[in-house]
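**Q** Please work out how this folds:
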Amino acid sequence: MTMKYTELGECYTLSESTVEELRSAEVFDETLSPGYPSPSPDTYEQSLKRIMSLRHAGMELKRIKVFMQLEHTGESTLQERVNMLRSQRQQQLELLHENQRNIDRLDYLIHDLKVHSTKGE
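**A** As a prediction, this is how the structure comes out:
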């Protein structure tokens, strides 16, 4: 069984931009192509859920494609996939810390404006 990208969007309620993103990155071309054992509808759904979870976690489509290829390869790639997820987690943690520093800066500026505003009155 193969599925067209238009069907992918309709079946799983994905926006056209998301479907186009997946198509242009060829995420499904490699992970669900006829060259692999015929995927069942459940396999499509499981793969799509995994892909979207990885995407929502901030993983780039190129890395998602590699992750899905490794997943399809099987248990022998488990540690490599875990390492990819740990790496992604670390990247997200660094972004979180950077955002927290930016919020702290904004809080300081707000405080500074209030202090200077009351001194001028």
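
**Q** From now on I want contacts and neighbour counts done on CA atoms only, so please keep to that.
**A** Noted.

**Q** for stretch 44-59, which positions count as buried?
**A** Buried residues in stretch 44-59, counting neighbours by 16 or more other Cα atoms under 10 Å, are found at 44, 47-48, 51-52, 54, 59.

**Q** Now go through these and say which are in helices.
**A** In this view, the buried residues of stretch 44-59 that belong to helices under DSSP state H are 44, 47-48, 51-52, 54.

**Q** pLDDT-wise, what's the bottom of those residues?
**A** On pLDDT alone, Tyr44 ranks lowest of these, at 73.

**Q** Okay, it and Cys11: tell me how far apart.
**A** For Tyr44, the distance to Cys11 equals 10 Å [Cα to Cα, to the nearest Å].

**Q** same question, Gln79
**A** 32 Å.

**Q** Which residue, neighbours along the chain excluded, lies closest to Glu71?
**A** Spatial nearest neighbour of Glu71, chain neighbours left out: Thr77 (6.9 Å); criterion: Cα to Cα, 6 or more residues apart in numbering.

**Q** which residues does the spatially most central residue of the chain contact?
**A** Nearest to the mean C-alpha position of the chain, by Cα atoms, centre = their mean, lies Arg55 at 1.4 Å. Residues near Arg55 by Cα atoms under 8 Å, 6 or more residues apart in numbering: 61, 64.
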